[in-house]
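**Student:** Structure for the following, please:
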Amino acid sequence: MILTNRLFERVSPSREAKSIFIFCEGAKREFDYFEFFKELDSRINLEVYKLHPHENNSPLGLLNIAEKCMIMSDDNPNPKYSFIDGDEVWIVLDTDKDKELSREPQIEAIQKKCSEQANWNLAQSNPCFEVWLYYHLHTDKPDFAKSEICAEWKKLVNGLISGGFDSRRHPIYIMAASNNAAQNFIVIKGKPDVGSTEVFNLANSIIPLVSSKLEKALKEIE
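**Tutor:** Coordinates of the predicted model:
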């Protein structure tokens, strides 16, 4: 069931409220997922950066985009977004390895950068964003041999969720996903273990902003 228009309110958000700015390396699936909540209630201050095909979506490339969009400087006098006290910036990344094994040191550099800037956060999924999607409808970590391979996770999610994960309807289970992901979360050597995701931390910032709409939507689909 696709959510009906009765759940949507086209009301301008108040800039007095906290804003959440999200930068994802995935130009389609992650963007569509987080845009769901902006569409669910247009009053919330949620900005999901839309990557252009020519932009560098490596971990450090994404950090550079975020800094250019958020941080004013002599070289960058007009950033895309206005960041005020209490706002949050989230960089959403996969931990999967590339051929040059360059991602891990880049992610470590981003962790350091985020620790130095107030309310800047990193949300990693090991090995990919599909780990987070999996927990929307499943409570336990899966046990299968090729769990470090992103393609296997994508196949798993599409196989276990009838019709595959649909960003027009399944994000409504974000509260369940947050609980399930948190219960299965393990950190090893400073990063999420295979089958773990930090996106539940970002979810916990989004949920209070849309809780009333989530409850209405869940009642509609019961």
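**Student:** quick one: the strands in the protein?
**Tutor:** Applying DSSP state E to the chain gives strands spanning 19-24, 45-48, 88-94, 120-125, 187-188, 191-192.
**Student:** can I get the ones you listed in CSV with mean pLDDT and distance to residue 201?
**Tutor:** Yep, even glycine has a C-beta here, placed from its N, CA and C like the rest. As requested, these are exported to CSV (pLDDT from 0 to 100; distance: least, Cβ to Cβ, whole Å):
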stretch, mean pLDDT, distance to residue 201
strand 19-24, 96, 12
strand 45-48, 94, 15
strand 88-94, 97, 8
strand 120-125, 97, 6
strand 187-188, 94, 12
strand 191-192, 91, 11
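**Student:** Including distance to residue 153 and mean neighbour count, could the ones you listed go into TSV?
**Tutor:** Shown next, in TSV, are the strands of the chain (distance: least, Cβ to Cβ, whole Å; neighbours: other Cβ atoms under 10 Å):
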stretch	distance to residue 153	mean neighbour count
strand 19-24	16	23
strand 45-48	22	20
strand 88-94	10	24
strand 120-125	9	22
strand 187-188	18	11
strand 191-192	13	20
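**Student:** Poorly predicted segments of this structure, please.
**Tutor:** Counting by pLDDT under 70, the chain has low-confidence residues at 1-16, 99-100, 145-146, 222.
**Student:** What segments of it are helices?
**Tutor:** Using DSSP state H, the helices of the chain run over 29-40, 59-70, 103-116, 130-134, 150-160, 174-183, 199-221.
**Student:** Please identify the most buried of these.
**Tutor:** Of the helices of the chain, the one with the most neighbours on average (mean count of other Cβ atoms under 10 Å) is helix 130-134, at a mean of 26.
**Student:** And that one, how far out from the chain middle?
**Tutor:** Remark: helix 130-134 is offset 11 Å from the chain centroid, using Cα atoms, centre = their mean, to the nearest Å.
**Student:** Can you work out which other helices and strands pack against it?
**Tutor:** Applying 3 or more Cβ pairs under 8 Å, 6 or more residues apart in numbering; DSSP states H and E, one finds that helix 130-134 contacts helix 150-160, helix 174-183.
**Student:** mind giving me TSV with the strands of the chain and columns for distance to residue 140?
**Tutor:** As requested, the strands of the chain are exported to TSV (distance: least, Cβ to Cβ, whole Å):
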stretch	distance to residue 140
strand 19-24	26
strand 45-48	29
strand 88-94	21
strand 120-125	17
strand 187-188	18
strand 191-192	16
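**Student:** Indicate which one of the ones you listed is closest to residue 56.
**Tutor:** strand 19-24 (12.1 Å; Cβ to Cβ).
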